[in-house]
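In: my questions concern the predicted model and sequence given below.
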Amino acid sequence: MGTLICQACNKIIDHFEDEKVSVLYSSCTNCHKEQIEKENE
């Protein structure tokens with residue numbers, strides 16, 4: 001079982017099937033939208 005965690009807010013985004021227990025970091029939709037808005041300013 002693997003877990004996707006938002007690297008900005010540390011909330012769990014999703015779980016996925018995997019042979020090992022693993023943690024992957026990404027950006028959730030809320031944090032990703034905020035990041036895009038900041039870049040566009």
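Out: Structure received.
In: name the element Val23 belongs to?
Out: Following DSSP states H and E, one finds Val23 within strand 22-26.
In: in its sheet, what does that strand sit against?
Out: strand 2-6 (parallel) (DSSP bridges).
In: what part of the protein, helix or strand, is modelled with the least confidence?
Out: Ranked by mean pLDDT, DSSP states H and E, the weakest helix or strand in the chain is helix 29-40, scoring a mean of 78.
In: neighbours of His28, how many?
Out: Quick fix: residue 28 is Cys, not His. Neighbourhood size, Cys28 [other CB atoms under 10 Å]: 19. C-betas here are computed from N, CA, C, even on glycine.
In: could you report the pLDDT at it?
Out: You'll see Cys28 listed with a pLDDT of 85.
In: against Glu19, how distant is the nearest residue in space to it that is not next to it in sequence?
Out: Computed as CB to CB, 6 or more residues apart in numbering, the closest residue to Cys28 that is not its neighbour in sequence is Cys6, at 4.0 Å. With distances taken as CB to CB, to the nearest Å, Cys6 is found 24 Å from Glu19.
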